[in-house]
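>>> Provided below for reference: sequence and predicted model.
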Protein chains: 2
Amino acid sequence: MSTIYDVARLAGVSPKTVSRVLNGDGPVGERTREVVEAAMRELGYVRSNAARMMRAQKSGIVGLITGAISTKNQPSTQQGLPDLYIVQGIQRALDASGMTLMIADTGGRQDRVPKLIDTFLSHRVEGLIYVAEYHQPVDLPPVPEDTPLVLANCYDDRGTPAVLPDDRRLQADLVRRLIGAGHRRIAMLALRPDMAAGRLRPLGYRDALAETGIAFDPALLAHVDFDQPETGPQLLWDTIDRLLRLDAPPTVLCCGNDQMALMVYGILRSMGRRVPDEIGVAGFDNYRAIAETLYPPLTTVELPYNAMGVRAGERLLQLISGEGRDDHRPVLVAGPVHWRGSVNELRTATVVSLMTQREETK
Amino acid sequence: MSTIYDVARLAGVSPKTVSRVLNGDGPVGERTREVVEAAMRELGYVRSNAARMMRAQKSGIVGLITGAISTKNQPSTQQGLPDLYIVQGIQRALDASGMTLMIADTGGRQDRVPKLIDTFLSHRVEGLIYVAEYHQPVDLPPVPEDTPLVLANCYDDRGTPAVLPDDRRLQADLVRRLIGAGHRRIAMLALRPDMAAGRLRPLGYRDALAETGIAFDPALLAHVDFDQPETGPQLLWDTIDRLLRLDAPPTVLCCGNDQMALMVYGILRSMGRRVPDEIGVAGFDNYRAIAETLYPPLTTVELPYNAMGVRAGERLLQLISGEGRDDHRPVLVAGPVHWRGSVNELRTATVVSLMTQREETK
DNA sequence: TCCGGCTATGACATCGGTGTCATGACATCG
DNA sequence: CGATGTCATGACACCGATGTCATAGCCGGA
C-alpha cells in the first residue's frame, strides 16, 4: 500500500505538502493541489490511520462488548435479539461523528472480558460501551479512569453511566391504554422477579391502576417462569386457568413479553377461548416478527432498543468530549404503545370520558 | 497512557529490553524480566497497537459490513436477525486467531459502502466480510486485490468467495423426513420467487420427492408473498383454503419460513383445523423464539447462521494466510431437522421400511 | 591462554503521518 | 525604497514499538 512519500515523489513535492492537501490545513497552490490529487488517485492512496493516530493520540475508535456477564445463570429467554438493535442504534449515533466501532463478544464467558478490554485499550479506544442482552445488573472489571464507559441495557452499583429501558413507565403506559379502552379487570402475567423486568413492570402496572383509582387485586398478578422447556407451558396453563375461574375474571391478560403472549395464544385456543372477543391479550417488546404475524395482531408496547443504542452512543460521545462526567443518573428510554387487534375496545363512551379526565388532570 | 519508554525508565533498562519482555523474543535475564514486569504493572502499561502495527505492517483487524446493499427494494421480512447470528459466528472464528473485528453498518444505504470500505482500508484491515440479511445477490464496489473479501449470506457474479445456506439441501432433508414419517401429499408454501430462498427451497422439495418416487403435483406448490401487511394474510388464507379443498388434500404444509408457519397456525385455527391431527405444519429457519414457543412446537429445519459465520470467518483467515485464493466455489452450509410436535408420524411400519430403504441406497 | 559461540543488553534506524519552524518569493504600506 | 506581512513550500523532529546490528561478559574447547 502506498504512502504519502510515494505520492510526494510522483507529484514532485514534499510529503508535508501532500499532508496539507489531505487535511486542508495550511495553504496549497491551486496547481500543486491538482497534481497531488492526481498522484493520489493514480496510486490509489489511502491514509494510514495507525500513523496518523500516533501523532494525533486519537484513535477515533469506540469499543463495544456484548455477551453475558451476569454472574447468574442465563435466563435462557430471547436469543440475543435486543443486542443487535442496540448495536445498530449505537452505530447510527457514532457514524454521525466519524467514529469507528470495534466490537467483541464474550461468547458468554465473563472471564474473557478483561482480555477484551485490554485489546481495546491497546487500540487506544476513546470510549467503551457494554451491551447486555436483557435489563440486568452487571459487574464489570475496572476500566482506566480516562476511558469513558457506558452501559446499555444494564447497570452497576458504581454509578457508571447507563441507558436503560423504562420498564415501569412502558408497562404503565400500556395498562393506562387498556383502562382507557374500558378494561377494569386486567391480569398481569409477569416475568420472573429475579429479572429487572419482572420487578419493574408490575410496578408500572400498579402505577396505572393507582392513577385511575382501580384497586389492585393480588389475585390478578402472577409471576410465571414460562420459558422453562418442560414446566413452563404447564405453569402458564394452570395460571391462566386459575385466572379464568375467578368470580370476576380478567378481560385482558398482560403478558411479560411477546413471546409469552405467543404461548398464551396457543393455550387460550386450546381452552377454546377466542381472542379478543372472549379475552384480550397484550404483550411487551413489540417483537415484530411475533406481534405483527400473530392473528389477531398483538397489542404491545415497544421497547425501543434501537433508540437505546442511539442514546448510549450519544452519551458516550458526550463523555468523550468531556461533558457530563459527573452525571451519574441513568438515561431511561420509553416507547410507544402499539394498539392492534388482540384487545377489544369496550364501552366507547367510557373511553372518551376517561381520556378527557386524563387530559384534565395534566 | 504510558509507553515502553516510561516502563524502561522506571525499570532502569532500555526500551528494547522492555519490548523483548513483551514479545518474548530475544533473551532476557530472569531478574531483569521481573523488574520490567513490575514496572509495567505499576504503570498499568498497555501496548499501543498503532505503533506496533506501523512496523509490523499488520493490523490484526478484520472489517465487517452489514446492511442492505441489494439494489432491489427490501423484502421487508425479518428484522435483520440472521446478521446477528452470522456476526457472532464470525467473531467466534476470528477470536481464536487473535484478530479484532471492526464493524460498520450501511444503514440500508448502498451509497455509503465505498466510504465504509475506505475507512476500513485506512485502518489497514487484513480482510473484509460483507454480511447480508438474507440469501441474495449483491453488487459490491471493488476492493483492492490484496485485501481478501468474503461474502456471507450473499453472492456476486465475480466469483468472490461466498458462504451460503444450502437452501436446496435443507428443504430436501426436511421433506425427506416428512416422507419418512409417512406423508405423501406434502404441500409447499414457498417464499417469493424473486428471493433466492423462494427458488432454491422448491427445488429441494422436488429433489426429495423425486428421490422417493413421489410424483410432483403442481397443485401442491404455491409461492405466497405472506408478509405484505394488508394482502399477505388473505392471500395465505386463500391458498390454504384451495389446498384443503383439493380431492387429495395435503397432510402437511411446508411453510417458507417459521414466521409464515406462525401465521399458518392462526389461519388453520380460524378454519377450525387442528394441528397436527388434522394437518401438519413444518417451518424453515428454526427461529427458536417462534418454533419452540408455538403450541404445538414447530417441526422445522435449522438454517445455521451461526455456523455460516464461523465458516465465513475461517474462509477469510484462510485467504489472509494466502491459501485457496483461486478457489471460487461457494461454501454451502446445512443444518439439522428439528422434529417437534407439529407433524404427526403416520403409519410407523412404512416409516421403518422407508428409512431402511434409504440406508440401502446410500 | 585464546578464540568461537552464546547470553544479555543497548544504540539506532524505521514505519507513515503531522506539528513546528524556516525559507524564499511576492505584495503592501509608510 | 526598505520594512513588514502573507503565501507556498520544505526540512526536520516526533509519536511508540520493533528489526538490525553492535557490544560486553562469560563459558568451554583446543
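Cool, the structure landed. Given the structure is predicted, the values throughout are model-derived calculations rather than measurements.

>>> all strands of the stretch 251-362 of chain A, in order?
For the stretch 251-362 of chain A, applying DSSP state E, counting those that start in this stretch gives strands covering A:252-255, A:280-282, A:300-301, A:331-333, A:337-338.

>>> So which residue is dead centre in chain A?
A:Y305 (2.8 Å; CA atoms, centre = their mean).

>>> I'd assumed A:V87 was in contact with it.
No - with contact defined as CB atoms under 8 Å, A:Y305 does not count as touching A:V87 (9.1 Å). In this view, the C-beta of every residue, glycine as well, is placed from N, C-alpha and C.

>>> Pick the most deeply packed of the strands of the stretch 251-362 of chain A.
Greatest average neighbour count among the strands of the stretch 251-362 of chain A goes to strand A:300-301 (a mean of 30), per mean count of other CB atoms under 10 Å in any protein chain shown.

>>> what does it contact?
A:170-171, A:173-174, A:258, A:261, A:282-287, A:291, A:335-338, A:340 (CB atoms under 8 Å, 6 or more residues apart in numbering or on different chains).

>>> What about DNA strand D: which of these touch it?
Among the contacts of strand A:300-301, proximity to DNA strand D is found for none (CB under 7 Å from any atom of the strand).

>>> From those residues, which land in helices?
A:170-171, A:173-174, A:258, A:261, A:291 (DSSP state H).

>>> what about the closest residue to A:P165 other than its chain neighbours, how many neighbours?
Take A:P165 and drop its neighbours on the chain: the residue closest to it by CB to CB, 6 or more residues apart in numbering or on different chains is A:L303, 5.2 Å away. As a burial measure, A:L303 scores 26 neighbours (other CB atoms under 10 Å in any protein chain shown).

>>> From what I see, A:L303 and A:G335 are in contact.
Yes - the criterion here is CB under 8 Å, and A:L303 meets it with A:G335 at 6.0 Å.

>>> any shared contact partners between the two?
Common neighbours of A:L303 and A:G335 (CB under 8 Å, 6+ apart) are A:170, A:286.

>>> where does the stretch 101-250 of chain A come near chain B, residue by residue?
A:101-105, A:107, A:118-119, A:121-124, A:144, A:146, A:227, A:229, A:233 (CB under 8 Å from any CB of the partner chain).

>>> Among those, which lie within helices?
Those of those lying in helices (DSSP H): A:118-119, A:121-122, A:233.

>>> Who wins on neighbours among those residues?
Busiest of these [other CB under 10 Å] is A:L121, holding 20 neighbours.

>>> so how many other residues sit close to A:P144?
12.

>>> quick one: contacts for it?
Counted by CB under 8 Å, 6+ apart, A:P144 has contacts A:121, B:1, B:44.

>>> Read off the pLDDT value for the second one.
Right, the one you point to is B:M1. For B:M1, the model assigns a pLDDT of 85.

>>> And the average pLDDT for the biggest strand by length in chain A is what?
Using DSSP state E, we find that the single longest strand of chain A is strand A:127-137. Mean pLDDT, computed over strand A:127-137, is 91.

>>> what's that strand packed up against?
Secondary-structure packing of strand A:127-137 (3 or more CB pairs under 8 Å, 6 or more residues apart in numbering or on different chains; DSSP states H and E): strand A:61-66, helix A:81-95, strand A:149-155, helix A:196-211, helix A:305-320.

>>> Which of these has the lowest mean pLDDT?
Mean pLDDT is lowest for helix A:81-95 among the helices and strands packed on strand A:127-137, at a mean of 83.

>>> which non-adjacent residue is nearest A:A132?
A:C154 (3.6 Å).

>>> Show the contacting residues for that neighbour.
So A:C154 contacts A:69, A:130-132, A:135-138, A:162, A:164 (CB under 8 Å, 6+ apart).
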